[in-house]
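Trainee: Got a predicted structure plus its sequence, pasted below:
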Amino acid sequence: MAASHHRLVLVGANHKTASLSLRDALFVDDAAAPAFLEGLKRAGLAEAMVLSTCDRVEIWTAAPDPDHAARLVGEALAVRAGLEAAALACHLYVLSGTEAVRHGFAVTAALDSLVIGEPHVAGQVKAAHRLAREAGTLGGELESFVQAAFAAAKRVRSETAIGEGPVSIAAAAVQTARDLHGDLAQCRALLIGTGEMGELVAESLLAAGLTDLTVTGPRASRAEALAKTLNCHVLAFEDMRDSLAGADVVMTCVGSRNLTVTADLVAQALKKRRRRPVFLVDAGIPGDVEPAVNRMEGAFLYDLGDLEKVALAGRATREAAAREARAIVEAETEAFLRGRQSRAAVPAIVALRSHFEAARDAVLAETAATDAAEATRLLVNRLLHAPSESLKDAAADSPDWRAMERTLRTLFRLEE
């Protein structure tokens, strides 16, 4: 049987391979996940987990035939997106074996995110793990892989400063909002889009005292889910323009290729606000707010780069932490694979032990009245008979018999 890590297969699309609109089409929310996983199970995938965020939609699975598993997942995702499988294939990556392990560990440790070190990723993987368990698609192989990914992510968090970058960005947004508006409890905020960085900034503002937050986004189901997570209001995306004027803080994290907040929209909002200032945080990649807004009196626009300059932790610190984190992920990957490969020998070890025990029982039954020396001599002869004959036959018949000899010496640690 193939080594179990070779059975691991990851199929997906992320911010590097697919547009936001395609990722939206592929998105599997919590409510849809059970039916999606059930469909994979009916198709023949007993072990599967779906990780669906704004950055990525990935299916993690373990199957005896990786190519067949990848094909089944690709077909299921194509149905989800309303595309032909061939049309979707160019946007999907398929990773198996060692590459699947390394990628899964890196994703869980937030090293493959738009914002390196983003702290929500491990929680998203845990939620995907829970949904798979509830759906009955979390077998032993996938379970051990996911638990190893959690362990790798925990090491990265505890041994590096990888989480300081995004946290400091959010802290910078909070500090800038306070500098502009004072008491955040007196402010109203609007979050446009459901991207992870926008959610992180919104959470930080809420923790700092903000009480009036509204979420809206192009995809209503995702906006509603995020509003539930943040315990705040939700707004239909088509009503967003009318709400801009009432917001003291506007956060955007849509990341489409079209501007979500134009200079004209902000100008109209400022007019209604009678020039009361507005703080805009553009966390979209690419940006959501028209750069011309920066030149408007009363509008204070910060993107992720601006917030990084305000933040205490610089890019160099985060990049150094990322290098350390990748080294940890590589070490954890190697350790996981070594463990898997060593466990592959367990059946043979069990069979060998059973063989020896059977021989021992037979000798004891035959030599009940014999002294210990005679019994153990008989046992040794019986245990060595088959390997001795096999080694002699190999020496007589095979020019490569020295390989068997070396294996024998290695197994029993015999000196030359």
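Mentor: Received, thanks. Please read all numbers here as calculations on a predicted model, not as lab measurements.

Trainee: Tell me if I'm right that Gln175 and Tyr302 touch.
Mentor: No. Contact criterion Cβ atoms under 8 Å: Gln175 and Tyr302 do not qualify, at 10.9 Å. No exception for glycine: its C-beta is placed from N, CA and C like everyone else's.

Trainee: These two: who's more crowded?
Mentor: Tyr302 (22 against 15; other Cβ atoms under 10 Å).

Trainee: ok, and the closest non-adjacent residue to the more buried one?
Mentor: Spatial nearest neighbour of Tyr302, chain neighbours left out: Val281 (5.6 Å); criterion: Cβ to Cβ, 6 or more residues apart in numbering.

Trainee: same question, Ala62
Mentor: That would be Glu141: by Cβ to Cβ, 6+ apart, it lies 4.0 Å from Ala62.

Trainee: Identify each buried residue in stretch 322-340, please.
Mentor: By neighbour count on 16 or more other Cβ atoms under 10 Å, the buried set for stretch 322-340 is 322, 325-326, 328-329, 332-333, 336-337, 340.

Trainee: cool, and stretch 58-78?
Mentor: Result for stretch 58-78 [16+ other Cβ under 10 Å]: buried residues 58-63, 66, 69-78.

Trainee: Could you give the average pLDDT over stretch 268-276?
Mentor: Across stretch 268-276, pLDDT averages out at 89.

Trainee: what bits of the protein have low per-residue confidence?
Mentor: 1-5, 164-168, 311-317, 342-346, 369-370, 416 (pLDDT under 70).

Trainee: Just give me the longest helix of it.
Mentor: helix 315-343 (DSSP state H).

Trainee: Just the helices from the stretch 201-350 of the chain, written as ranges.
Mentor: For the stretch 201-350 of the chain, the helices defined by DSSP state H, counting those that start in this stretch cover 220-230, 240-243, 263-272, 304-310, 315-343, 346-366.

Trainee: can you redo these as a markdown table with distance to Glu405?
Mentor: Formatted as a markdown table, the helices of the stretch 201-350 of the chain follow (distance: least, Cβ to Cβ, whole Å):
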| stretch | distance to Glu405 |
| --- | --- |
| helix 220-230 | 64 |
| helix 240-243 | 77 |
| helix 263-272 | 80 |
| helix 304-310 | 63 |
| helix 315-343 | 23 |
| helix 346-366 | 18 |
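
Trainee: Of all these, which one comes closest to Ala161?
Mentor: helix 315-343 (4.3 Å; Cβ to Cβ).

Trainee: got the domain boundaries for this protein?
Mentor: Following automatic domain parsing, one finds the domains of the chain at 4-162, 164-315.

Trainee: Any idea how far the shortest one is from the middle of the chain?
Mentor: Here the centre of domain 164-315 is set off from its chain's centre by 26 Å, with Cα atoms, centre = their mean, to the nearest Å.

Trainee: cool, stretch 360-371 as well?
Mentor: 58 Å.

Trainee: and if you look at stretch 401-416?
Mentor: 43 Å.

Trainee: Residues contacting that stretch, please?
Mentor: By Cβ atoms under 8 Å, 6 or more residues apart in numbering, the list of residues contacting stretch 401-416 from outside reads 387, 390-391, 394-395, 398.

Trainee: Would you mind listing which of those are buried?
Mentor: Buried among the contacts of stretch 401-416 by 16+ other Cβ under 10 Å: Ala394.

Trainee: Tell me which stretches of this structure form strands.
Mentor: 8-14, 47-52, 56-62, 93-96, 188-192, 212-216, 233-234, 249-252, 278-282, 299-303 (DSSP state E).

Trainee: who does the last one pair up with?
Mentor: Same thing as strand 299-303. Pairing partners of strand 299-303, with direction, according to DSSP bridges: strand 278-282 (parallel).

Trainee: still on that earlier bit, which of the strands of the chain sits closest to Leu226?
Mentor: strand 212-216 (5.2 Å).

Trainee: Just the CA coordinates for the closest one, please, in PDB.
Mentor: The C-alpha trace of strand 212-216 is given here as PDB (Å, rounded to 0.1, in the frame of the first residue of the first chain):
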ATOM      1  CA  ASP A 212     -22.500  51.200  16.100                       C
ATOM      2  CA  LEU A 213     -21.300  49.000  13.200                       C
ATOM      3  CA  THR A 214     -23.000  48.000  10.000                       C
ATOM      4  CA  VAL A 215     -21.800  45.500   7.500                       C
ATOM      5  CA  THR A 216     -22.600  45.300   3.800                       C
END
